[in-house]
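S.K.: coords please:
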Amino acid sequence: MTPDVLIIVAFILGLVGITSILVVKNLLYICQPNEVLIFTGSKRKVGDEVLGYRIVKGGRAVRMPLIEQVDYLDLTNMVLDLSIRNAYSKGGIPLNVDAVANVKIAGTEPVINHAIGRLLGKTREEVMRIAKETLEGNLRGVLSTLTPEEVNEDKAAFQKSLVGEAEQDLKRLGIQLDTFNIQNISDDRGYLDSIGRKQSAEVQKRALVAEAETKATASIRKAENNREVSLAQIRAERDTVKAEADRRIIDATTRRAAVVAEERSQIAAMIAKATAEQDVQRARIEQVRRKLEADVIEPSRANMQAAIADAVGKAAKIVEDGHATAEALRAVTETWAQAGSNARDIFLLQKMDVLVKLVLETVADLEIEQVTVLPDSSGGSNNLAGNLVSTSEQIKAALGVDLPQIVQSFSKSE
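M.R.: Coordinates of the predicted model:
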């Protein structure tokens, strides 16, 4: 071959190689681990459904020229910041929720089929907006079914309910929800703060109750431990006392015969001593009895006989005096009866001498010139003589005027 022919052949071969390289570069597609290639144009059957595309995930594939078109789906993670305001909960309390979600386009069938139908050709920002709006709608829907207390008290249950509902809607879009975390729940009216304060108070109360129960349990355990220690000490002391008692019983049993004999001898000596003492006491009693009889009973008996004799003599004198007095009174009575109406005057005249003597003994120089005996004034106004004499004597005693003397002097002058 001539040099010109060789040059032409080399040029043709180079051109073919370059063309092949360009063809391969335009028809061969390499799929990265974080993406999916969609070859649109060819048909394939999945179950009962016929799809107009084929999916390549990882590896490489060759596009059929003029028949297939290749598109990419980005499978990298997308971070969504969710912030809803005034989402009404059950009971009409508006709440504010801040959350973070990690989503991505599903890379497995059949969910990826939904993504190809709904998200193919959309930019990453458009996919993120769709996912964010879907999650915010789900968030508002779940909040409307829960009270603020349920949302605040059990955030895990609220998050689980939200994820369960959001996953269904996202799967229909071909989006997979990896994580969903609620960062903050608040409200503009301070309702959750009041719930928080109430829960804080409940927590403090439970803490105080738990502390008190712990202290009580500790005190009970301490008391039980002290009781066990005391019981152990008491058991030990009881065993010691029992052992000592057993020892003493054994010791006493061994010495019982000697002790019994000794005690019997002592008792016999005491009985003999008591018997001798009884004899001594009997003799002493007899001695005292005789002494009392000689010193007290006999003189008393003699005094009693003398007193009886003296009393009998005095009684006889009294009896005789009584008989004499009775006889005298009987004689006075008989004389009084014999005197008749003048008995009283006679009796008084008899007694006048005695009365005058008694008066004169008190006043030695008194001389009695006249004694007037007034008649009985018991007759009242009918006893004229007695009244006149009484009146005359009273005037003479009071005024010194002797009316009978004046009347007598008038009689003599006539």
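
S.K.: let me see the domain layout of this structure.
M.R.: Using automatic domain parsing, the domain parsing of the chain gives 1-74, 76-189, 202-254, 334-369, 372-414.

S.K.: for Y53, which three-state class applies?
M.R.: Recorded secondary structure, Y53: strand (DSSP: H, G, I helix; E, B strand; the rest coil).

S.K.: what about the strands in the stretch 51-200 of the chain?
M.R.: For the stretch 51-200 of the chain, applying DSSP state E, counting those that start in this stretch gives strands covering 59-62, 69-74, 78-88, 94-105, 175-186.

S.K.: buried stuff in the last one?
M.R.: If you call a residue buried by 16 or more other C-beta atoms under 10 Å, then strand 175-186 has these buried ones: 175-177, 180, 182, 185. The way it works is simple: take the backbone N, C-alpha and C, and place the C-beta from them, glycine included.

S.K.: could you do the second one as well?
M.R.: Buried residues in strand 69-74, defined by neighbour count with 16+ other C-beta under 10 Å: 70, 73-74.

S.K.: so can I have JSON lines of the strands of the stretch 51-200 of the chain showing mean pLDDT?
M.R.: Shown next, in JSON lines, are the strands of the stretch 51-200 of the chain (pLDDT from 0 to 100):
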{"stretch": "strand 59-62", "mean pLDDT": "70"}
{"stretch": "strand 69-74", "mean pLDDT": "80"}
{"stretch": "strand 78-88", "mean pLDDT": "86"}
{"stretch": "strand 94-105", "mean pLDDT": "87"}
{"stretch": "strand 175-186", "mean pLDDT": "84"}
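
S.K.: now render the ones you listed as JSON lines, adding distance to E153.
M.R.: Below are the strands of the stretch 51-200 of the chain laid out as JSON lines (distance: least, C-beta to C-beta, whole Å):
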{"stretch": "strand 59-62", "distance to E153": "50"}
{"stretch": "strand 69-74", "distance to E153": "39"}
{"stretch": "strand 78-88", "distance to E153": "18"}
{"stretch": "strand 94-105", "distance to E153": "14"}
{"stretch": "strand 175-186", "distance to E153": "11"}
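
S.K.: among those strands, which comes closest to I249?
M.R.: Across these, I249 has its closest neighbour in strand 175-186 (83.1 Å, C-beta to C-beta).

S.K.: from the contact counts, what lies against that closest one?
M.R.: strand 94-105, helix 111-119, helix 124-143, helix 155-173 (3 or more C-beta pairs under 8 Å, 6 or more residues apart in numbering; DSSP states H and E).

S.K.: can I get those in TSV with mean neighbour count?
M.R.: Listed next are these as TSV, based on neighbours: other C-beta atoms under 10 Å:
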stretch	mean neighbour count
strand 94-105	20
helix 111-119	18
helix 124-143	18
helix 155-173	16
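
S.K.: can you lay out the ones you listed as JSON lines showing distance to A283?
M.R.: Converted to JSON lines, the helices and strands packed on strand 175-186 look like this (distance: least, C-beta to C-beta, whole Å):
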{"stretch": "strand 94-105", "distance to A283": "122"}
{"stretch": "helix 111-119", "distance to A283": "138"}
{"stretch": "helix 124-143", "distance to A283": "124"}
{"stretch": "helix 155-173", "distance to A283": "115"}
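
S.K.: which one of the ones you listed lies nearest to D4?
M.R.: helix 111-119 (55.4 Å).

S.K.: outside of the closest one, which residues touch it?
M.R.: Residues lying outside helix 111-119 but in contact with it, judged by C-beta atoms under 8 Å, 6 or more residues apart in numbering, are 36, 38, 46, 51, 53, 55, 73, 105-106, 127, 130, 171-176.

S.K.: can you give me the end-to-end span of stretch 251-258?
M.R.: 12 Å (C-alpha to C-alpha, to the nearest Å).

S.K.: in contact with the residue nearest to F158 when sequence neighbours are not counted, which residues are there?
M.R.: Excluding the flanking residues, the one nearest F158 by C-beta to C-beta, 6 or more residues apart in numbering is V151, at 5.2 Å. V151 makes contacts with 89, 95, 143, 158, 185, as judged by C-beta under 8 Å, 6+ apart.

S.K.: local confidence estimate at V151?
M.R.: We have a pLDDT of 76 for V151.

S.K.: what distance do you get for N86 to V97?
M.R.: Remark: distance between N86 and V97 (C-beta to C-beta, to the nearest Å) = 10 Å.

S.K.: should've said D74
M.R.: Applying C-beta to C-beta to D74 and V97 gives a distance of 28 Å.

S.K.: over to A232?
M.R.: 63 Å.

S.K.: and for I285?
M.R.: For I285, the distance to V97 equals 121 Å [C-beta to C-beta].

S.K.: A274 sits in which helix or strand?
M.R.: If you go by DSSP states H and E, A274 is part of helix 256-292.

S.K.: related to what we said a few turns ago, okay, the buried residues of strand 175-186 in CSV with distance to R290 next?
M.R.: Shown next, in CSV, are the buried residues of strand 175-186 (distance: C-beta to C-beta, whole Å):
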residue, distance to R290
I175, 143
Q176, 141
L177, 136
F180, 132
I182, 127
I185, 124
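
S.K.: pick out the most distant pair among those residues.
M.R.: Q176 and I185 (25.4 Å).

S.K.: give me the helix or strand of the protein that scores worst on average pLDDT.
M.R.: helix 403-413 (a mean of 61; mean pLDDT, DSSP states H and E).

S.K.: what residue ranges in the stretch 101-250 of the chain score low on pLDDT?
M.R.: Along the stretch 101-250 of the chain, the parts satisfying pLDDT under 70 run over 190, 192-201.

S.K.: if we use 80, what do you get?
M.R.: 108-109, 117, 147-159, 187-205 (pLDDT under 80).

S.K.: my read is that T76 contacts V103, right?
M.R.: No - look at T76 against V103 with C-beta atoms under 8 Å: they stay out of range, at 10.6 Å.

S.K.: T214: neighbour count?
M.R.: 10 (other C-beta atoms under 10 Å).

S.K.: secondary structure element for it, which one?
M.R.: Taking DSSP H and E as the criterion, T214 maps to helix 191-254.

S.K.: got the angle between that helix and helix 256-292?
M.R.: Put simply, helix 191-254 runs at 80 degrees to helix 256-292, going by axes from the mean of the first three to the mean of the last three C-alpha atoms, to 10 degrees.
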